[in-house]
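*Asks:* coordinates for the following, if possible.
(chains A, B, C and D, ligands or ions: 2)
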Amino acid sequence: MAFDELYQEIIRDHYKNPRNKRELSHLKAVENPSCGDSVKVLLDGDSQHIENVYFDGSGCSISMCSASMMSELLTGKTVPEAKQIVSQFLGVIRGEQPADSLDDLGDIAALKGVIELPVRVKCATLAWHAVEQALGDL
Amino acid sequence: MAFDELYQEIIRDHYKNPRNKRELSHLKAVENPSCGDSVKVLLDGDSQHIENVYFDGSGCSISMCSASMMSELLTGKTVPEAKQIVSQFLGVIRGEQPADSLDDLGDIAALKGVIELPVRVKCATLAWHAVEQALGDL
Amino acid sequence: MTNHQELLDAQPKVQRLRQDFPILNRPLVLGGKPRTLVYFDNAATAQKPRSVLDAIRSYDENANANVHRAIHSLGEEATRIYEASRDRVKTLLNASSREEIIFTRGTTDSINLVAQSFAKLLSPGDEIIATEMEHHANLVPWQMVADQYGLKLKFLPITDDGVLRIDQLPVLWSPRVKLVTLAAMSNVLGTINPLEEVIAFAHERGVPVLVDGAQSVPHMRVDVRALDCDFLAFSSHKMGGPTGFGVLYGKKEWLEKLPPYQGGGDMIRSVWLDHFEANDLPYKFEAGTPHMEGAAGLHAAIDYLDAVGLDWIHRYEGLLLDYAMEQLKGIPRIRFFGTAPGKGGIIAFLLDGIHAHDLSAFLDSRGVAVRAGHHCAHPLARRLGVVSTARASFYFYNTKDEVDAFAAAVRDASAQL
Amino acid sequence: MTNHQELLDAQPKVQRLRQDFPILNRPLVLGGKPRTLVYFDNAATAQKPRSVLDAIRSYDENANANVHRAIHSLGEEATRIYEASRDRVKTLLNASSREEIIFTRGTTDSINLVAQSFAKLLSPGDEIIATEMEHHANLVPWQMVADQYGLKLKFLPITDDGVLRIDQLPVLWSPRVKLVTLAAMSNVLGTINPLEEVIAFAHERGVPVLVDGAQSVPHMRVDVRALDCDFLAFSSHKMGGPTGFGVLYGKKEWLEKLPPYQGGGDMIRSVWLDHFEANDLPYKFEAGTPHMEGAAGLHAAIDYLDAVGLDWIHRYEGLLLDYAMEQLKGIPRIRFFGTAPGKGGIIAFLLDGIHAHDLSAFLDSRGVAVRAGHHCAHPLARRLGVVSTARASFYFYNTKDEVDAFAAAVRDASAQL
Ligand SMILES: Cc1ncc(COP(=O)(O)O)c(C=O)c1O
Ligand SMILES: Cc1ncc(COP(=O)(O)O)c(C=O)c1O
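*Replies:* Ligands and ions are numbered 1, 2, ... in the order given. Predicted coordinates:
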């Protein structure tokens, strides 16, 4: 795959200008075992509704932009909506659901390129596993 | 290999009419791990000289004739002579020494056929490991 | 007679399949005479179809790289091939999820993994039930942990015909029993054990069951969800795949409970000098660089077996067995070990007064490869009152003509030895 | 400059050798453009010469049968091939006897074997010394037994350049130290450790030393008798042999002392329902059907390496390393990890501000395969103050031109990312 196919402009933008990133030093990180990258996610809201999503972490463009895009996408959603989106995204990235179903989810569709790359799937899904845990803890 | 090449007449004879075989129920057997065959050896003599060699056991033609031939061969030998013969036989069968060197050891030369057969080597050497132990215990 | 017709009708299919196995068409010269190989040692290891050899070679020539960690094209390709094999095994077994499929070195490694990890959850005095017909691979690992952790092993006995005395299960049972482990099919007797009954009995008492599937998975359809076993172990090399590779299936709830087995790369989530956190399933149990050719080859082997049809394989081997028994039965001095009804394609036998080694050497000189020995089931041989037996074991590529050649050679051995 | 000439002079030989590796001549298409593969991930796994692929295939097409137990021609042939490979490893390592060569699944399996078996000889409070630069394979197994048996792990530190602080050995020492374990060569830093000094120090105190030879045996001549190590572990797949296979060398006196590791077929002498007697060396540690293709392939790989010349390989990789360092040094933002004198052909590096994943994905798009991550040495990465690094690692089939292509791609990454 050409570098630019995977690292689209929008991905580089989220990497350089992450949305909703702030220090969350008190939280436990979710780690990628193969590289040590890590993401933390904080959900701000009540058990029904997500008002804000914040993340913290260090990692490659794919993992960090995925976290940034995820935070934008889930902001303002109800908890069931958020859970549905998380399982939809993970299903697509794992190749279990058609890639096109990401198209109406905004920027995140740019990550479709990793579906063919099992090693990068771990980068793309890191933040989503973190938010899955955070949703479970609500 | 043709059956008769391996199972020469002399081998069948020692199998059918084993020399120096008697019950040795009080001794511990040496076993072939791959088939469960076992041989026991008793040395009769003093720490210098072997007057008689007896064996007991159950096994295939190769292991039993080897035991029978071994008992004939070592009868009346001095301990150093016996040790030398044992190491010579084991060396040949393992392919570490030339096969021809068995030719002046009598009937046992008939066992040269197993050199090429690593699985049968275990049958041919069973009695010799037993006598090696018995010599060590003298 | 209608079975005989069915056997005859199947021969053209078998002849076609044989073309896929290079070794079956290998010229043999024995004692100066050309012979065709009759390979009846399939319970020990099976032969590989060309598609498996090609899958290994193609992996090495095109994709070889280390899996799971490399952000480069070969690494992605190697990972995809490795993980696709896991998915294929999942489908074969009808497992609930890919996390339940652990790749190991083979049946022996799979059972050692469970024994070592499971034992750490037990207390001294706890009991494990196995059977008198187990292969050493499903016996010695339990002896080792029994010795180390103070556990007690109990054994379901068998009848003289080689049938499991399942009626003894309630008799052996106690509240201390923590695991039942048994072979799906005996590698000596051919007996197919009543797994469903054993599993139902154990599950009613909340106790898990490990199935040694080394002889069942290659020869019949095994559905872990229908069977409801908790663990299933088998080897790639007995089903046409590469050696040094195998599978442990485990129910997720059990695999999550068990502590890791080996330590190393891939099985960790994070490591500090003084401790580590284990990775998620299935990687938690896969330490170190895996056998990637093994995964590629097993995938091809399963595709092959599925195309041939596992139900057909089971049926056909039954026909071969019946036919072989008919041909052997009248031979003077012959004795059979294991005559359970509905058994698999394995015949353990002896000619009275002839040692199994000598018999099998004689058969080998006729080009017929059978095994002689205790077949890694020493206690079973003792139970049967023998030191060793000869064993012929079939696979789907064996023919009626091969059975004829085999029976003729046994008849000659009986006359000449 | 004379080194540079030597590098140039070696290129025709390397080009000839490359013809033996099908994958190095494989066409690659990346982003629509044809590329030639630059494989610099050799520390993870090496590519296989055709002679190894042929040895595997020939084994499967001609000899495949289970070893050690079959009295038939295929079984004899398979056993001969398997045991000849053991003899070949013995000669490669200059071991005293073939009983000292145990076949395993790889380095990870070899080290787990020693850890599990050795720990059974120890008492709570006993200590094991490792180093800060160990691969998880030589760290996590020790953590597991330390946890289970109440042992204490201590770690030799390293300098910022990645040199082992061997001066700290007397400081860490105590009479409770029972084993020292360390890598011959770090898979991240490339540092070649002063094994002779460590071994002499430990032996003076009667303590054995395990050497993780995963990165040394493929790249230089290792003579276990000259080195006098007590254990040596390595993997077939890092030296051109098959995956899922490896070696544990152990001094006979130690292997005799250690209890068996896994239970199953072949590792036993006799088995009863309630106990077993272990087999002689080396079989005592080889349970179950072995990886026979692995043995056949490793034999061919060793023959190949010996024909190329292990001393030449070591020398040539040093020339490549020096040349690569020259090319990389001026690149803006580049940072190196591990600059020990005399190190092996491994370069761990970063471009400041660029994550190693992104860097390696960029290099991959140019056809250059390097690795990114903690390289299974998480604590070492922490010690170096990074999460992950990119790593280029060479083998004898890599060329000066490939280094040029690599350096050009790193320079572009530095400019564009
Ligand atoms: C130094 C070192 N030790 C151990 C290992 C583990 O080897 P394997 O994964 O083949 O078991 C490796 C390679 O991954 C290594 O580089
Ligand atoms: C019933 C049974 N269990 C276990 C094994 C061990 O399998 P492996 O040697 O492939 O580990 C075998 C075959 O040898 C077997 O037949």
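
*Asks:* chain A: strands as residue ranges?
*Replies:* Using DSSP state E, the strands of chain A run over A:30-31, A:38-45, A:50-58.

*Asks:* please identify the most buried of those.
*Replies:* Neighbour counts (mean count of other C-beta atoms under 10 Å in any protein chain shown) averaged over each of those peak at strand A:30-31, with a mean of 22. No exception for glycine: its C-beta is placed from N, CA and C like everyone else's.

*Asks:* chain center to that strand: distance?
*Replies:* The chain centre lies 13 Å from the centre of strand A:30-31; the measure is C-alpha atoms, centre = their mean, to the nearest Å.

*Asks:* likewise for stretch C:87-95?
*Replies:* 17 Å.

*Asks:* same check, this time on stretch C:368-387
*Replies:* 17 Å.

*Asks:* over to residue C:98: give its phi and psi.
*Replies:* Main-chain torsions, residue C:98, degrees, to the nearest 10: phi -70, psi -20.

*Asks:* that one is in contact with residue C:84, isn't it?
*Replies:* No - applying C-beta atoms under 8 Å, one finds residue C:98 not in contact with residue C:84, separated by 10.2 Å.

*Asks:* more neighbours: which of the two?
*Replies:* In this view residue C:98 and residue C:84 are compared by other C-beta atoms under 10 Å in any protein chain shown, and residue C:98 has more residues nearby, 16 against 13.

*Asks:* wait, what's in contact with that one?
*Replies:* When contacts are counted by C-beta atoms under 8 Å, 6 or more residues apart in numbering or on different chains, residue C:98 is found next to C:83, C:86, C:87, C:90, C:282.

*Asks:* quickly find the element holding the third one.
*Replies:* If you go by DSSP states H and E, residue C:87 is part of helix C:73-93.

*Asks:* cool, residue C:17 as well?
*Replies:* helix C:2-18.

*Asks:* pLDDT at the closest residue to residue C:366 other than its chain neighbours, what is it?
*Replies:* With sequence-adjacent residues excluded and distances taken as C-beta to C-beta, 6 or more residues apart in numbering or on different chains, residue C:366 is closest to residue C:409, at 4.2 Å. In the prediction, the pLDDT value recorded for residue C:409 is 97.

*Asks:* can you tell me the number of residues neighbouring residue C:409?
*Replies:* 20.

*Asks:* I figured it hits residue C:362, correct?
*Replies:* Yes - in this structure residue C:409 lies within contact range of residue C:362 using C-beta under 8 Å: 7.2 Å.

*Asks:* who is the nearest residue to residue A:21 once chain neighbours are set aside paired with across the strands?
*Replies:* Distance criterion C-beta to C-beta, 6+ apart; nearest residue to residue A:21, sequence neighbours excluded, is residue A:55 at 5.9 Å. Beta bridges link residue A:55 to residue A:21, residue A:41, judged by DSSP bridges.

*Asks:* separation between residue A:55 and ligand 1?
*Replies:* Separation of residue A:55 from ligand 1 (C-beta to the nearest ligand atom, to the nearest Å) stands at 32 Å.

*Asks:* for that residue, list the residues it contacts.
*Replies:* A:18, A:20-21, A:24, A:39-42, A:67-68, A:70-71, A:127, A:130.

*Asks:* which of the contacts of residue C:98 count as buried?
*Replies:* Among the contacts of residue C:98, those buried by neighbour count (16 or more other C-beta atoms under 10 Å in any protein chain shown) are C:83, C:86, C:90, C:282.

*Asks:* among these, which ones lie close to chain A?
*Replies:* Among these, the ones lying near chain A by C-beta under 8 Å from any C-beta of the partner chain are residue C:83.

*Asks:* mind putting the buried ones among the contacts of residue C:98 in JSON lines, pLDDT included?
*Replies:* Output for the buried ones among the contacts of residue C:98, formatted as JSON lines (pLDDT from 0 to 100):
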{"residue": "C:83", "pLDDT": "95"}
{"residue": "C:86", "pLDDT": "98"}
{"residue": "C:90", "pLDDT": "98"}
{"residue": "C:282", "pLDDT": "97"}
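
*Asks:* which residues of chain A lie near chain D?
*Replies:* Going by C-beta under 8 Å from any C-beta, the residues of chain A near chain D are A:1-7, A:34-38, A:58-63, A:120, A:123.

*Asks:* ok, the residue nearest to residue C:365 when sequence neighbours are not counted - how many residues close by?
*Replies:* Spatial nearest neighbour of residue C:365, excluding adjacent residues (C-beta to C-beta, 6+ apart): residue B:3 at 3.7 Å. For residue B:3, the count of nearby residues is 18 (other C-beta under 10 Å).

*Asks:* can you check residue C:184 too?
*Replies:* By the criterion of other C-beta under 10 Å, residue C:184 has 24 neighbours.

*Asks:* contacts only, for the closest residue to it other than its chain neighbours.
*Replies:* Spatial nearest neighbour of residue C:184, excluding adjacent residues (C-beta to C-beta, 6+ apart): residue C:216 at 3.4 Å. Residue C:216 is in contact with C:183, C:184, C:185, C:192, C:222, C:234, C:344, counting by C-beta under 8 Å, 6+ apart.

*Asks:* ok, 6 Å please
*Replies:* The contact partners of residue C:216, by C-beta atoms under 6 Å, 6 or more residues apart in numbering or on different chains, come to C:184, C:185, C:222.

*Asks:* and chain D, is stretch C:169-177 touching that?
*Replies:* No - using C-beta under 6 Å from any C-beta of the partner chain, stretch C:169-177 stays clear of chain D, with a minimum separation of 13.0 Å.

*Asks:* rewinding a little: looking at the strands of chain A, which is nearest to residue C:39?
*Replies:* Smallest distance to residue C:39 across those (C-beta to C-beta): 49.9 Å, for strand A:30-31.

*Asks:* before we move on, the earlier item: what about the residue nearest to residue A:21, distance to residue A:27?
*Replies:* 10 Å (C-beta to C-beta, to the nearest Å).

*Asks:* equivalent analysis for residue C:89, please.
*Replies:* Taken as C-beta to C-beta, the span from residue C:89 to residue A:27 is 37 Å.

*Asks:* look at these two and report which has more neighbours.
*Replies:* Ranked by neighbour count (other C-beta under 10 Å), residue C:89 and residue A:27 place residue C:89 first, with 23 against 16.

*Asks:* once you drop chain neighbours, what's closest to the more buried one?
*Replies:* residue C:101 (4.9 Å).

*Asks:* equivalent analysis for residue C:197, please.
*Replies:* Computed as C-beta to C-beta, 6+ apart, the closest residue to residue C:197 that is not its neighbour in sequence is residue C:166, at 5.9 Å.

*Asks:* gap between the closest residue to chain A within the stretch 301-417 of chain C and ligand 2?
*Replies:* Residue nearest to chain A within the stretch 301-417 of chain C: residue C:303 (19.3 Å; C-beta to the nearest C-beta). Distance, residue C:303 to ligand 2, by C-beta to the nearest ligand atom: 21 Å.

*Asks:* can you check residue C:320 too?
*Replies:* According to C-beta to the nearest ligand atom, residue C:320 and ligand 2 sit 18 Å apart.

*Asks:* ok, now residue C:263?
*Replies:* Distance from residue C:263 to ligand 2, by C-beta to the nearest ligand atom: 22 Å.

*Asks:* the residue of the stretch 251-400 of chain C found nearest chain A: which element?
*Replies:* Residue nearest to chain A within the stretch 251-400 of chain C: residue C:269 (4.5 Å; C-beta to the nearest C-beta). If you go by DSSP H and E, residue C:269 is part of strand C:268-271.

*Asks:* residues from chain A in reach of chain C?
*Replies:* Applying the criterion C-beta under 6 Å from any C-beta, the portion of chain A that neighbours chain C consists of A:31, A:33, A:34, A:117, A:118, A:119.
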